[in-house]
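generate coordinates for the sequence data below:
(one chain, ligands or ions: 1)
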Amino acid sequence: MSEHFFPADEILLDSVIDWSYRRILGGEDPLTGARPASELAAELEGSISAEGIGGRAALKQWAETIVPATRAMGDPMNLAFVPAAPTAAALTFDLAVSSAQIMGGLWETGAGAIAAENQTLRWLADLAGFPADAGGVFVSGGTVGNLSALVAARHAASHSRDGRPQRWAIAASRAVHSSITNAARVMDVDVLWVDGDAEGRLSREALDAAFAAQPEQADGVIAVVANVGATNAGIVDRLDSVADFCDHAGVWLHIDGAYGLAAMASPKVRAGLAGLERADSFVVDPHKWLFAPYDCCALVYRDPAQSASAHSQHAGYLEQIDREVWNPSDHAIHLSRRVRGLPLWFSLATYGTDHYAAAIEKALTTTHEVIDGIRERDHLDLVMEPDLSVVLFRRLGWSEKQMTEWSDCAARDGVALIVPTRWHDELMFRMCFVNPRTRSERVLRVLDTMM
Ligand SMILES: Cc1ncc(COP(=O)(O)O)c(C=O)c1O
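Got it, this is the predicted structure:
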């Protein structure tokens, strides 16, 4: 081993790898989570000092203080927000990706890794039915993916339209994820709100009505955002109908599938997503339902020339970059980047795409077993048939306070994470299933403690 200015103590490396190995195999999932900041600060006091405390002491703080004060997103009883379920292959390979020190922004520095990421994006583009020259990039999450796609949409609109409207706008249903309103704020554009059907699903008719009612904003719409799995209730918009509207209006169609679009890997689900192939861009987060570690969002464009035109950075020190090759930095709001698509590539290569489809279908089966169980229990009330794997339900007769207390108690005891949400002005319970290791019997046993 060559000499290191910062010595690499082999025993310490072994300890870190040994800790990771045990954690990847799922030995010590902490589900219990956060502690008060003052307690954590006291326990970590002195860890940053002029001389350092040494790797061994730092690793002890990691194992005994830091990790136990987090929640394991991959625990099979973590059903809150959108959990995760990274595969052993993906987690292990994340260590290799860090160790290889690849700068994935430019082909020049990351060619091999970028080629593998592009294969993975191609798999997703094929599932969506995008053309052969579609392309994209892995970014940190759905928030950055949505923002980057919408910036590309505005760039395309500003180059293709005669005359500028007073204000640009994004059209979206009220079910859309908060990252879309955040993107509108960052871009300083308006949101043209569209009322969908009773559950909030977007359609051509809903868009027609909203555009007719708000003609000034409609004039400046740069993109319609459609959901495949809106976070709160998991709903899927009427994609074909929305695509008809966008074709007719000449507006960019962006699909936010950060959580739900993973399900297109299941042929059964893909069959119900007609119209997806007509979008201009989509995002899907492998760290949600494609069994990859944080942080990872796949952003794919129908026409990458548009994203390159919107996002390429130019500077004296970047003048020598070959612009004829695939530079991922050209397709989103970033320059340097980790090749964060590689854990997914390795996992897909290891297990195969059929296994992925089976794992996604397993989570859907669990969802249906749980909703059957909810229907059988008198104290529970299913709010709606899920489009994918988000389940909303009521505990009949409980106040908001009782719901919150039950949820806090289940979290504190490490039994399950089932966090209430507000939907249509009502607080109710919400569960999101992405983990093929989650067992419906175990979930129903926990729901029985609401009796
Ligand atoms: C539908 C949807 N879009 C966007 C996001 C934002 O993704 P991220 O948290 O990866 O930035 C989420 C996160 O849950 C989501 O569910």
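
contacting residues for I114?
Shown in contact with I114 (Cβ atoms under 8 Å, 6 or more residues apart in numbering): G104, W107, W326, P328, V339. The C-beta positions use only the backbone N, C-alpha and C, and glycine is treated the same way.

just the closest of those to D256, please.
P328 (20.6 Å; Cβ to Cβ).

and the gap between the residue nearest the centre of the chain and the ligand?
Geometric centre of the chain, nearest residue: D285, 3.3 Å, by Cα atoms, centre = their mean. Going from D285 to the ligand by Cβ to the nearest ligand atom, to the nearest Å gives 5 Å.

close enough to count as contact, that residue and L299?
No: using Cβ atoms under 8 Å, D285 is not in contact with L299; the gap is 10.0 Å.

count the neighbours of E405 for me.
Neighbour count of E405, defined by other Cβ atoms under 10 Å: 12.

that one in helix, strand or coil?
Secondary structure, DSSP: H, G, I helix; E, B strand; the rest coil: E405 is helix.

interface residues of this structure facing the ligand?
Proximity of the chain to the ligand (Cβ under 6 Å from any ligand atom) is limited to residues 82, 141-143, 146, 177, 179, 230-231, 256, 258-259, 285, 297.

those residues into TSV, with extra columns for secondary structure and pLDDT?
Compiled in TSV, the residues of the chain next to the ligand are given as follows (DSSP: H, G, I helix; E, B strand; the rest coil; pLDDT from 0 to 100):
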residue	secondary structure	pLDDT
V82	coil	97
G141	coil	98
G142	helix	98
T143	helix	98
N146	helix	98
H177	coil	95
S179	helix	97
A230	coil	97
T231	coil	96
D256	strand	98
A258	coil	98
Y259	coil	98
D285	coil	98
C297	strand	98
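
for the stretch 301-450 of the chain, what spans make up the helices?
304-311, 342-351, 353-376, 400-412, 440-448 (DSSP state H, counting those that start in this stretch).

which one of those lies nearest to L124?
Of all the helices of the stretch 301-450 of the chain, the one in closest proximity to L124, counting by Cβ to Cβ, is helix 342-351 (9.4 Å).

which other helices and strands does that closest one contact?
helix 88-100, helix 107-128 (3 or more Cβ pairs under 8 Å, 6 or more residues apart in numbering; DSSP states H and E).

ok, now which ones touch the closest residue to the ligand within the stretch 251-400 of the chain?
Nearest residue of the stretch 251-400 of the chain to the ligand: A258, at 3.4 Å (Cβ to the nearest ligand atom). Residues near A258 by Cβ under 8 Å, 6+ apart: 82, 141-142, 145-146, 177, 179, 229, 231, 283-285, 288, 297.

show me what contacts the residue nearest to it when sequence neighbours are not counted?
Take A258 and drop its neighbours on the chain: the residue closest to it by Cβ to Cβ, 6 or more residues apart in numbering is G142, 3.1 Å away. Applying Cβ under 8 Å, 6+ apart to G142 gives the contacts H177, S179, D256, A258, Y259, V283, D285, C297.

closest to F245 among the residues you listed?
D256 (16.4 Å).

which residues does that closest one form beta bridges with?
N227, V283 (DSSP bridges).

helices of the stretch 1-150 of the chain, start to end?
Going by DSSP H, counting those that start in this stretch, the stretch 1-150 of the chain shows helices at 10-24, 37-44, 55-61, 88-100, 107-128, 142-160.

ok and the longest one relative to helix 342-351, angle-wise?
This points to helix 107-128. Helix 107-128 and helix 342-351 meet at an angle of 60 degrees, taking axes from the mean of the first three to the mean of the last three Cα atoms, to 10 degrees as the criterion.

which residues in the stretch 201-350 of the chain form strands?
221-227, 252-256, 281-284, 297-301 (DSSP state E, counting those that start in this stretch).

helix, strand or coil: sort out G163 for me.
Here G163 is recorded as coil under three-state DSSP.

from W252, how far off is it?
Using Cβ to Cβ, to the nearest Å, G163 is found at 18 Å from W252.

who's more crowded, these two?
W252 (25 against 5).

I figured the more buried one was touching V225, is that so?
No: assessed by Cβ under 8 Å, W252 is found out of contact with V225, at 9.5 Å.
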